[in-house]
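>>> Below: sequence and its predicted model.
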Amino acid sequence: MSNEAIKKNFLDQAGFFLKKKFKIIIILLIVGFICFSGFLFYKNLSEKKNIKISEQYTQASILVMQKKIKESKILLVSIVNKDHKFYSPLALYLIIDNNIESDTSKIINLFNRILKNKLIDQENLNLIKIKKAIYLINIDKEKLIVETLNPIINSNSVWKNTAINLITEYFLSKNQGIKAQEYFKLLNKKSKK
C-alpha cells in the first residue's frame, strides 16, 4: 500500500468516526464550555465577595478609630458571621482588642462560630483556640479553658506546647499546683522523646 492510500484510508475512517460520533462530540464540547464558564463565574463571584468583605473590614477599622462603636460593632459581627477564613477571625480580634463587645458570652459565641468554619485549616483553628483560651483566662472560665485547650494538648499540633504552657501557667496563677504539675508532666514527656 502506498502512502497516499494509507492517508486516504485514515481520512475516510476519521471522517466516518466523526460523522458517527458528531452528536457526542458536540455535547461534550458544550458541557465542557458550560463547566469552564461556571468555574470562571464562581471564581469571579468569590473575588467580588472577598473584595466586599475586605472593604467592610477596612470601613469597620476606620469606624473603630473614630470611636463609632455601635456602627463598627454591627459591621464586625456581620463579618464574623460571613464565615470568611481570613476576615472573620480578624473582625473578632478587632472586637476584643477594642472592647467593642462587653458581653463575654457573645464573644465566646463568636469564637465558637469561627471555630466551626470549614474553610480554616486545622492548625489555624488551633491557633484560634489558643486565642480563645487566652480570652477565657482573662475572664477566669476554668472549665471552658480546659475544654478549649485539651483537644490541642491531645493532638500532634504545632500549638501543643503552647497550649500546655498556657494551661500550666493558668493553674499556677490560681495556686493549683497539682493540676499545673499534671500538664507540666505532659510537656516534659514530649521533650524527652
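Arrived safely. Numbering: from 1, shown residues only.
>>> So what does the spatially most central residue of the chain have for phi and psi?
The centroid of the chain falls nearest to residue 120 when counting by Cα atoms, centre = their mean (1.7 Å). When quoted as degrees, to the nearest 10, the phi and psi of residue 120 stand at phi -90, psi 130.
>>> need the contact list for residue 112.
Neighbouring residues of residue 112 by Cβ atoms under 8 Å, 6 or more residues apart in numbering: there are none. Yep, even glycine has a C-beta here, placed from its N, CA and C like the rest.
>>> So for the host helix or strand of it, what gets flagged as buried?
Taking DSSP states H and E as the definition, one finds residue 112 inside helix 104-115. Neighbour-count burial for helix 104-115, counted by 16 or more other Cβ atoms under 10 Å, picks out 107, 108, 110, 111, 114.
>>> what mean pLDDT does it have?
Mean per-residue pLDDT for helix 104-115: 96.
>>> again with stretch 52-68
Confidence over stretch 52-68 (mean pLDDT, whole number) is 94.
>>> And the residue nearest to the centre of the chain, how far from residue 142?
In this view, residue 120 and residue 142 are 26 Å apart by Cβ to Cβ, to the nearest Å.
>>> thinking again about what came up before, pLDDT wise, what is the residue nearest to the centre of the chain at?
The model's pLDDT for residue 120 equals 93.
>>> same check, this time on residue 48
Residue 48 is assigned a predicted lDDT (pLDDT) of 88.
>>> Then residue 189?
We have a pLDDT of 68 for residue 189.
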